[in-house]
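Predicted model and sequence below, questions to follow.
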Amino acid sequence: MKHINWTECALIETVPGRVGGQPVLRGTRLRPHDLLINRDEGIDWLSRNHGVAPETIRKLFAFYDAHKAALVPHPS
């Protein structure tokens, strides 16, 4: 499986012990992956169901779209 390097995204943080140290939306336990896999549901649906502002979701998707060409293999 491949993943994106989220270290340059100001919306994302990695906190040891929170969600196993996986990247999460700053101040939450929500992984960007969880939003991306449900992207087809739409921003309004994601906002309602995950309690995240629509603008935050738009910015996260814009970062992903701009960086997805640099996807790298996930470390095992």
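That came through fine.

Going by C-alpha atoms from here, please, whenever you check contacts or count neighbours.
Fine.

And the residue nearest the centre of the chain, what's its pLDDT?
Nearest residue to the geometric centre of the chain (C-alpha atoms, centre = their mean): Pro32, 1.7 Å. Predicted confidence (pLDDT) for Pro32: 95.

Same question for Ala70.
We have a pLDDT of 69 for Ala70.

the helices in the protein, which residues?
Ranges of helices in the chain, per DSSP state H, are 32-37, 43-50, 54-67.

what packs against the second one?
With contacts defined as 3 or more C-alpha pairs under 8 Å, 6 or more residues apart in numbering; DSSP states H and E, the packing partners of helix 43-50 are helix 54-67.

hmm, who's touching the helix it packs on?
Ile4, Cys9, Leu11, Pro32, Leu35, Leu36, Ile43, Asp44, Leu46, Ser47 (C-alpha atoms under 8 Å, 6 or more residues apart in numbering).

Buried ones in that helix, by neighbour count?
Neighbour-count burial for helix 54-67 flags Pro54, Ile57, Leu60, Phe61, Phe63, Tyr64 (criterion: 16 or more other C-alpha atoms under 10 Å).

So the third one versus Arg26, what's the distance?
Right, Leu60. Separation of Leu60 from Arg26 (C-alpha to C-alpha, to the nearest Å): 11 Å.
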